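A.B. asks: Curious how this folds, go ahead:
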Amino acid sequence: MRVFPEDRLIEVSELIKLWVGEGFLKLASGKTLEEVANEYLEDLVDRNLILIHKWTRRGKFKVCGFHDLIRDMCLRVFKNEHFICVPKVQRINLSRIMRHMCFLCSSQASPKESIHVPIFARLPSTLAPGGLMCRACKTMYSNCIGLRLVKVFGQCCRKFSQHTKLRYIDIRAPHFWDRVAQYELDFESPSTIHLLWNLQTLSIDSGTSLDPMALPFKIWEMPQLRHIMVKLVVLPPPVDTDQDATVLENLETLSFIHNFRCTREVLARIPNLKKLKICYSGKLGDWSYYCLYNLAHLHKLESLFFIAKDLLLNKIAFPTSLKKLHLSQCRIPWEDMTIIGSLPSLEVLTLSNYAVQGPEWINVEEQFTRLKVLSICFTDLVRWVADDVPFPHLESLSLEFMNDLEEIPFSVGDIDSLLSIQLNSCNASVVASAKQILEEQQDKGNELQVVVDGGRLQAGES
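C.D. replies: The predicted structure is shown next:
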């Protein structure tokens with residue numbers, strides 16, 4: 001926790017990955033390390049040592065911050081254990097003008113005095129923008145070895161340490177606030193990456209580059225991997241397909257995979273995947289080639305983000321374990337939504353950028369029985385028909401840039417679980433229908449919140 005700047009708001013998912021990567025947690029019977037981490041997090045929240053600033057639409061922790069007491073405790077522990085000192089300046093502008101600033105003492109150094117540090121910290125971690133030290137700090141920490149976690153930015157990406165104790169690597173191009181120039185990450189995944197046999201998390205952000213990065217074949221020989229998160233990456237098929245081939249049993253996150261071919265052999269190597277993001281673009285040919293019907297064999301998959309143009313739903317089979325689905329650019333006919341509506345565990349559905357197309361959506365009974373969150377953005381939908389109560393457990397409805405939509409079905413007002421409706425850039429008739437639903441809900445004593453273009457709508461407003 002000491003590695004985060006003071007008063008920094010932190011993504012809960014990032015914090016949990018860091019805890020796992022540091023080796024702070026011990027496996028409990030029948031639980032993953034991530035589940036153990038969530039239990040510890042809930043305990044710290046209950047004690048008001050970690051403060052939650054934002055929740056997901058499903059009510060889970062999303063963004064948190066630390067109480068001053070817990071940060072002070074971390075600083076004392078680091079001092080007593082003789083870990084690397086806290087940088088005097090915790091927020092450094094990563095522009096090229098300041099690229100020779102020491103990340104520890106914030107002093108300026110000439111290019112000849114600036115040193116790229118091949119190993120940034122002792123134990124356990126460092127977040128090192130640029131990886132530059134002045135000579136004084138280099139001398140002070142000349143014996144730093146054995147790091148577990150590295151975050152590097154920009155120019156030092158080819159020079160980061162590849163120590164076998166590494167568990168967490170985060171490599172990214174800086175997004176400059178001054179926009180001096182477009183920046184692309186100068187990094188290639190090394191063919192020797194499989195020698196990092198303790199690596200659990202690999203995160204790469206290639207900045208403004210739109211080209212997919214190719215991972216080496218040896219990625220299939222890294223059984224400790226838990227999370228692979230790359231802006232756009234090509235995952236090669238495994239070379240070994242025999243029964244003794246390595247299975248990545250710990251892998252839970254895989255994103256964004258470019259033109260992913262879901263063969264039975266590949267999916268058998270990642271049986272416990274929980275979160276998958278895939279993107280299809282370019283000359284794709286026949287959808288049958290990508291074997292999307294095999295996705296049904298990922299029995300533990302909970303979250304799927306799918307970007308593809310002109311997807312045919314009869315070419316894909318969703319696993320029944322799916323709780324969260326995000327479709328983009330697919331142009332699925334509205335009548336095919338019954339396939340998605342039949343998913344028994346689906347709680348969150350996001351349809352963006354013409355994921356579905358057509359002028360009319362007729363809701364069918366006994367569909368979306370567990371859906372809690374529905375978000376639709378950029379479609380040509382005109383008429384939304386729902387005679388009976390749709391989405392019996394819906395809590396949140398979000399509509400954005402629905403310029404053609406005439407109104408929200410009034411039967412939505414009969415959903416007792418509905419907590420919020422959010423409208424952005426929708427026409428006046430949609431706002432009017434939302435207002436009527438608000439009044440109906442208030443008459444029932446329900447506390448529905450309607451937000452229109454960032455402002456909360458009050459019943460009785462004209």
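A.B. asks: For the rest of this, base every contact and every neighbour count on C-alpha atoms.
C.D. replies: Noted.
A.B. asks: Next up, phi/psi of L232, please.
C.D. replies: In this entry, L232 is assigned phi and psi values of phi -160, psi 120 (degrees, to the nearest 10).
A.B. asks: where in the stretch 1-150 of the chain is pLDDT low?
C.D. replies: Judged against pLDDT under 70, the low-scoring parts of the stretch 1-150 of the chain cover residues 1-3, 5, 81-150.
A.B. asks: Can you list the neighbours in contact with stretch 233-250?
C.D. replies: For stretch 233-250, the external contacting residues (CA atoms under 8 Å, 6 or more residues apart in numbering) are 212-217, 220-226, 255-260, 265-266, 268-272.
A.B. asks: Now intersect those with the helices, please.
C.D. replies: E265, V266, A268 (DSSP state H).
A.B. asks: Which single one of the residues you listed is nearest to F401?
C.D. replies: Checking the ones in helices among the contacts of stretch 233-250 against F401 by CA to CA gives V266 as the nearest, at 38.3 Å.
A.B. asks: which residues does the closest one contact?
C.D. replies: Contacts for V266 (CA under 8 Å, 6+ apart) come out as P237, P238.
A.B. asks: Give me the local confidence score for it.
C.D. replies: pLDDT recorded at V266 is 94.
A.B. asks: A428 now?
C.D. replies: Among the per-residue scores, A428 holds a pLDDT of 94.
A.B. asks: where's it relative to D286, distance?
C.D. replies: Using CA to CA, to the nearest Å, we find A428 at a distance of 42 Å from D286.
A.B. asks: who's more crowded, those two?
C.D. replies: Comparing A428 with D286 by neighbour count (other CA atoms under 10 Å), the higher total belongs to A428, at 13 against 8.
A.B. asks: and the gap between the more buried one and L374?
C.D. replies: Shown here: A428 relative to L374, a distance of 21 Å by CA to CA.
A.B. asks: can you check S321 too?
C.D. replies: According to CA to CA, S321 and L374 sit 18 Å apart.
A.B. asks: How are the strands of the stretch 1-150 of the chain distributed by residue range?
C.D. replies: With DSSP state E, counting those that start in this stretch, the ranges of strands along the stretch 1-150 of the chain come out as 10-11, 50-55, 61-66, 115-116, 125-128, 132-133, 149-153.
A.B. asks: Give the pairing partners of the first one; include direction for each.
C.D. replies: Here strand 10-11 is paired, per DSSP bridges, with strand 61-66 (antiparallel).
A.B. asks: can you state the direction angle for the strand it pairs with and strand 50-55?
C.D. replies: Going by axes from the mean of the first three to the mean of the last three CA atoms, to 10 degrees, strand 61-66 is angled at 140 degrees with respect to strand 50-55.
A.B. asks: mind exporting strand 61-66 as PDB, just the C-alpha atoms?
C.D. replies: What follows is strand 61-66, C-alpha atoms only, in PDB (Å, rounded to 0.1, in the frame of the first residue of the first chain):
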ATOM      1  CA  PHE A  61     -16.200  -2.500  -4.500                       C
ATOM      2  CA  LYS A  62     -14.700  -0.600  -7.500                       C
ATOM      3  CA  VAL A  63     -12.500   2.300  -6.200                       C
ATOM      4  CA  CYS A  64     -11.000   2.700  -2.800                       C
ATOM      5  CA  GLY A  65      -8.600   4.800  -0.700                       C
ATOM      6  CA  PHE A  66      -6.600   4.300   2.500                       C
END
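A.B. asks: residues in contact with that strand?
C.D. replies: Against strand 61-66 from outside (CA under 8 Å, 6+ apart): 7-13, 49-56.
A.B. asks: switch to 10 Å and redo it
C.D. replies: Among residues not part of strand 61-66, those counted as contacts by CA atoms under 10 Å, 6 or more residues apart in numbering are 1, 4, 6-15, 38, 41-42, 44-45, 48-56, 71-72.
A.B. asks: Would you agree A428 is in contact with I408?
C.D. replies: No. Judged on CA atoms under 10 Å, A428 makes no contact with I408 at a distance of 11.4 Å.
A.B. asks: what secondary structure does W384 sit in?
C.D. replies: Here W384 is strand, with the state taken from DSSP: H, G, I helix; E, B strand; the rest coil.
A.B. asks: Quickly list what it is bridged to.
C.D. replies: Under the criterion DSSP bridges, W384 forms beta bridges with W361.
A.B. asks: V373: neighbour count?
C.D. replies: The local packing of V373 (other CA under 10 Å) involves 22 other residues.
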